[in-house]
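# quick one, what's the 3D model for this:
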Amino acid sequence: MEPDLQEVIRAKIADGRLPTGRAQRVYAGPGTGDCTACERPVLPGDTEYEFIGADGRLFRYHLRPCYEIWSELVRDAAR
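Down below sits the predicted model:
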């Protein structure tokens with residue numbers, strides 16, 4: 001796991017820029033926009049995970065490592 005990216009994602013969860021709960025439905029496909037976690041483009045050749053949060057906001061993530069880090073942090077916080 002990338003320590004710096006993990007801290008960025010942890011901070012975004014803490015201040016509300018990323019959701020604190022798991023997604024109900026996640027859609028995967030080719031990249032179409034910027035990653036909500038790392039703020040870098042998810043290129044068409046990359047796998048993008050996308051979902052609508054409980055508050056109606058759209059979240060896009062690189063599958064690796066951004067979505068995996070976010071998902072692990074949210075899961076750990078729920079324990």
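# next, the contact list for Y27, please.
Y49, E50, F51 (CB atoms under 8 Å, 6 or more residues apart in numbering). Quick note: C-beta positions are derived from backbone N, CA and C, even for glycine.
# hmm, the second one is touching F59, no?
What that stands for is E50. Yes: using CB atoms under 8 Å, E50 is in contact with F59, at 6.9 Å.
# next, T36: phi, psi?
Here is the backbone geometry of T36 (degrees, to the nearest 10): phi -70, psi -30.
# now do the buried residues in the helix or strand containing D76.
Taking DSSP states H and E as the criterion, D76 maps to helix 68-78. Within helix 68-78, the residues that qualify as buried are I69, W70, S71, L73, V74, counting by 16 or more other CB atoms under 10 Å.
# dihedrals phi and psi, the nearest residue to V42 once chain neighbours are set aside?
Leaving aside its chain neighbours, V42 sits nearest to G31 (3.3 Å; criterion: CB to CB, 6 or more residues apart in numbering). Torsion angles at G31 (phi, psi; degrees, to the nearest 10) stand at phi -60, psi 140.
# from what I see, G31 and P44 are in contact.
Yes: if you go by CB under 8 Å, G31 and P44 touch, sitting 5.3 Å apart.
# these two: who's more crowded?
Set G31 next to P44 and count neighbours by other CB atoms under 10 Å: G31 wins out with 18 against 10.
# relative to I13, how far out is that one?
Distance of G31 to I13, given as CB to CB, to the nearest Å: 22 Å.
# all helices for the chain, in order.
Using DSSP state H, the helices of the chain run over 3-14, 68-78.
# residues making contact with the longest one?
Think helix 3-14. 18-20, 36-38, 65-66, 69-70, 73-74, 77.
# hmm, back to that, mean pLDDT and distance to V26 for the helices of the chain - can I get that in JSON lines?
Formatted as JSON lines, those follow (pLDDT from 0 to 100; distance: least, CB to CB, whole Å):
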{"stretch": "helix 3-14", "mean pLDDT": "94", "distance to V26": "16"}
{"stretch": "helix 68-78", "mean pLDDT": "93", "distance to V26": "9"}
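# now those in JSON lines, with distance to Y27?
Shown next, in JSON lines, are the helices of the chain (distance: least, CB to CB, whole Å):
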{"stretch": "helix 3-14", "distance to Y27": "20"}
{"stretch": "helix 68-78", "distance to Y27": "15"}
